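Student: only geometry, no sequence info:
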């Protein structure tokens, strides 16, 4: 397979174009930084517990990596394309939807999972639902966790 020719502005296409795209790299790095900060944030918030690196691959927690991801993308697009561009507007709307979803739907789904886990644990042995796998409770984020994720994305996007 031959590599794709550069686009009309001279930028590379294909895999090289993806790997050198500053907006995509900003989004990916923002997500990575947020995920790596989660175990450290948990240790800071709960100093009596051991440092648990499982938080680096877990949803939920401080900071929101989903929010960092989209805010990193939005910030980089604002820097590259300008805040008047349609791409920036699209990314900004996406960022707002992701942040709303993290503090709304996903946060409440996690709270529902907590209640369901308690109810399932209290079922008598032999009940059809008593063998249900424990539901994951850390799905969403508090507004502070989303704000922290947005801060990570903003800082990485500006760097």
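Tutor: On my side now, so go ahead. Bear in mind that the values here come from a model prediction, so they are computed numbers and not experimental data.
Student: Following the chain onward from the helix or strand of the chain with the lowest mean pLDDT, which element is next?
Tutor: Least confident helix or strand of the chain, by mean pLDDT, DSSP states H and E, is helix 14-19 with a mean of 75. Next along the chain after helix 14-19, taking DSSP states H and E as the criterion, comes helix 22-45.
Student: Tell me the buried residues in that following helix?
Tutor: 23-35, 37-39, 41-42 (16 or more other Cβ atoms under 10 Å). Using the backbone N, CA and C atoms, a C-beta is placed for each residue, glycine as well.
Student: Could you point out the helix or strand that follows that helix?
Tutor: As assigned by DSSP H and E, the chain's next helix or strand after helix 22-45 is helix 65-81.
Student: Could you check the angle that following helix makes with helix 22-45?
Tutor: Note on geometry: by axes from the mean of the first three to the mean of the last three Cα atoms, to 10 degrees, helix 65-81 and helix 22-45 are set 140 degrees apart in direction.
Student: tell me which residues in whatever helix or strand comes next after helix 65-81 are buried?
Tutor: Where DSSP H and E defines the elements, the next helix or strand beyond helix 65-81 is helix 86-103. For helix 86-103, burial by neighbour count (16+ other Cβ under 10 Å) applies to 88, 91, 92, 95, 98, 99, 101, 102, 103.
Student: what packs against helix 86-103?
Tutor: Counting contacts by 3 or more Cβ pairs under 8 Å, 6 or more residues apart in numbering; DSSP states H and E, helix 86-103 packs against helix 65-81, helix 143-158.
Student: can you rerun that using 10 Å?
Tutor: helix 22-45, helix 65-81, helix 105-121, helix 143-158 (3 or more Cβ pairs under 10 Å, 6 or more residues apart in numbering; DSSP states H and E).
Student: Compare the mean pLDDT across those helices and name the weakest.
Tutor: The weakest mean pLDDT among the helices and strands packed on helix 86-103 belongs to helix 105-121, with a mean of 79.
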